[in-house]
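[1] sequence-free structure coming up:
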């Protein structure tokens with residue numbers, strides 16, 4: 001590894017120039033589409049079939065984006081999403097939602113935060129018009145909205161030819177698998193001073209390697225975990241510490257003695273056995289929360305959310321601590337909805353679970369979970385969602401007197417309690433920028 005640990009950055013090259021303002025001009029830069037597909041796309045736009053055209057271009061863009069992510073390895077994708085239900089031989093298109101693909105690609109530097117924001121807005125826009133009632137003819141997609149979807153999809157995916165991030169990621173993974181860092185290696189100090197997301201990414205690479213590698217590569221990965229984990233452990237928030245504990249528990253349960261013992265030694269170095277789950281109860285909550293969050297960001301979410309929300313609620317109001325963060329994220333996402341509204345049928349179960357959360361658990365959420373919750377913080381940059389967030393806090397009296405330790409969370413919470421929606425979105429964005 002280089003002694004200068006720096007997360008890979010998004011390529012700022014402008015693929016679609018600002019002078020390209022029509023569908024033919026923009027589609028001309030979609031190198032991943034065949035000429036016939038570009039011609040049909042342009043014809044759909046010229047014929048006024050904007051929903052059909054944007055649905056096609058979005059589907060192709062997401063297929064291309066997921067294929068790029070697949071090059072990073074399914075095991076790593078599972079670790080990044082904290083999804084133990086994803087098998088090593090799974091097909092990326094079956095297990096990764098469009099929202100998850102966009103979020104991962106942005107965090108891995110495939111494109112910048114502005115394009116990531118536009119893609120998430122495009123996802124909601126395309127989903128809204130794809131599933132609108134047939135008799136809502138007055139709610140047709142506007143040409144400028146359709147061109148915005150086309151431009152963003154071409155700029156981020158369909159106009160890209162290279163896999164630079166995948167290549168850089170593969171090089172990083174190879175370094176961690178092919179060589180062992182010395183205890184006093186300068187890379188260790190550099191990693192401890194690097195952005196939180198990069199620390200978490202390196203940790204996930206190592207955990208994925210402990211589950212998938214064998215022989216000398218496994219020995220290298222385990223040695224590097226034991227070297228690197230103590231340097232970043234003081235910075236890790238509880239959700240990521242629990243991730244290490246669950247990895248050890250899973251390896252131990254599967255009878256994989258070598259990797260389990262390697263993680264055991266690493267946990268002993270940091271006194272981390274408090275983060276090892278005691279039972280499978282946590283796993284049931286984690287799987288239910290993962291399904292609920294995936295449904296929230298998938299097509300037709302307003303109609304589909306009540307089922308998985310009800311399933312999570314039936315598991316009980318006493319959420320195991322290792323699963324608490326993931327469950328709270330999923331429940332709050334349902335309560336906040338998206339730019340277009342909320343799933344009304346899912347609201348009662350969501351609010352009941354939120355009202356059952358104790359004061360000490362809310363303190364833990366604001367101190368240990370929200371500071372690293374890029375999903376919720378990203379959602380709060382939308383003014384409609386931020387407004388519902390303010391309303392939600394007003395409906396939860398148990399958090400009225402909570403004072404988080406993190407100054408940034410305190411400022412965000414103060415703005416939320418005062419109903420200052422614009423300030424909430426501003427501070428959420430600043431929070432996200434500081435994480436990267």
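    Yep, that arrived. Note that this is a predicted model, so its numbers are computed, not measured.
[2] domain parsing for this protein?
    23-158, 165-275, 282-435 (automatic domain parsing).
[3] Now do residue 392 against residue 337, distance only.
    Computed as C-beta to C-beta, to the nearest Å, the residue 392 to residue 337 distance reads 11 Å. C-beta: built from backbone N, CA, C; applies to glycine.
[4] So for stretch 205-222, mean pLDDT?
    The pLDDT scores in stretch 205-222 average 89.
[5] What's the end-to-end length of it?
    11 Å (C-alpha to C-alpha, to the nearest Å).
[6] Give me the contacts around it.
    By C-beta atoms under 8 Å, 6 or more residues apart in numbering, the list of residues contacting stretch 205-222 from outside reads 73, 75-76, 78-79, 88, 172-173, 176-180, 224-225, 228, 243-244, 247, 250-251, 256, 258-259, 262-263, 266.
[7] cool, stretch 54-64 as well?
    30, 32-33, 37, 41, 44, 93, 98, 101, 122-123, 125-126, 129-130, 141, 145-146, 149-150, 153-154, 156-158, 160.
[8] Could you list the buried residues of it?
    For stretch 54-64, burial by neighbour count (16 or more other C-beta atoms under 10 Å) applies to 54-58, 60-64.
[9] got it, and stretch 217-230?
    218-230.
[10] How about residue 334: what's its closest non-neighbour residue?
    Leaving aside its sequence neighbours, residue 334 sits nearest to residue 350 (C-beta to C-beta, 6 or more residues apart in numbering; 4.4 Å).
[11] Could you list the buried residues of the one helix or strand that neighbour maps to?
    Taking DSSP states H and E as the definition, residue 350 sits inside helix 347-356. Buried positions in helix 347-356, judged by neighbour count with 16+ other C-beta under 10 Å: 347, 349-351, 353-354.
[12] Show me what that helix is packed against.
    Applying 3 or more C-beta pairs under 8 Å, 6 or more residues apart in numbering; DSSP states H and E, we find helix 347-356 packed against helix 306-314, helix 321-336.
[13] Report the angle between that helix and helix 306-314.
    Inter-element angle recorded for helix 347-356 and helix 306-314: 30 degrees (by axes from the mean of the first three to the mean of the last three C-alpha atoms, to 10 degrees).
[14] got the contact list for the spatially most central residue of the chain?
    Compute the mean C-alpha point of the chain, and by C-alpha atoms, centre = their mean the closest residue is residue 103, 4.7 Å away. Neighbour list for residue 103: 116, 374-375, 378 [criterion: C-beta under 8 Å, 6+ apart].
[15] that older thread, dump the buried residues of stretch 217-230 to TSV, plus secondary structure and distance to residue 198.
    Formatted as TSV, these follow (DSSP: H, G, I helix; E, B strand; the rest coil; distance: C-beta to C-beta, whole Å):
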residue	secondary structure	distance to residue 198
218	helix	23
219	helix	24
220	helix	20
221	helix	18
222	helix	21
223	helix	20
224	helix	15
225	helix	16
226	helix	19
227	helix	16
228	helix	12
229	helix	15
230	helix	17
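[16] Tell me where this protein is predicted with low confidence.
    The model of the chain has pLDDT under 70 over residues 1-14, 132-138, 162-170, 278-280, 436.
[17] what does stretch 418-436 contact?
    7, 107, 113, 195-197, 371-372, 374, 377-378, 380-383, 386-387, 389-390, 394, 408, 411-412, 415-416.
[18] let me redo that: stretch 72-88
    For stretch 72-88, contacts defined as C-beta under 8 Å, 6+ apart pick out 69-70, 89-90, 92, 95-96, 100, 104, 107-108, 166, 169-170, 173, 201, 204-205, 207-209, 211-212, 239, 243, 246, 250, 283, 286-287, 290, 326.
[19] quick check: longest helix of this structure.
    Ranked by number of residues, the top helix in the chain under DSSP state H is helix 50-70.
[20] On the C-terminal side of that one, identify the next helix or strand.
    Next element after helix 50-70 (DSSP H and E): helix 74-81.
[21] Quick check, the residue nearest to residue 334 in contact with residue 335.
    Yes: applying C-beta atoms under 8 Å, one finds residue 350 in contact with residue 335, separated by 4.6 Å.
[22] Now, the contacts of stretch 418-436 that are in helices?
    107, 113, 196-197, 374, 377-378, 383, 386-387, 389-390, 394, 408, 411-412, 415-416.
[23] among the residues you listed, which ones are buried?
    107, 113, 196-197, 374, 377-378, 386-387, 389-390, 411-412, 415-416.
[24] Against residue 33, how distant is the residue lying farthest from the centre of the chain?
    Here the chain reaches farthest from its C-alpha mean at residue 47, the gap being 36.6 Å by C-alpha atoms, centre = their mean. Using C-beta to C-beta, residue 47 is found at 18 Å from residue 33.
[25] Over to residue 220?
    Residue 220 is 42 Å from residue 33, by C-beta to C-beta.
[26] Spatially nearest residue to residue 200, not counting backbone neighbours?
    Nearest one to residue 200, counting by C-beta to C-beta, 6+ apart, is residue 240 at 5.7 Å.
[27] Enumerate every residue touching that neighbour.
    By C-beta under 8 Å, 6+ apart, the contact set of residue 240 is 200, 203, 372.
[28] Show me what secondary structure element comes after the host helix or strand of it.
    Applying DSSP H and E as the criterion places residue 240 in helix 238-253. Next along the chain after helix 238-253, taking DSSP H and E as the criterion, comes helix 257-269.
[29] which helices and strands does that following helix pack with?
    Contacts defined by 3+ C-beta pairs under 8 Å, 6+ apart place helix 257-269 against helix 196-212, helix 215-232, helix 238-253.
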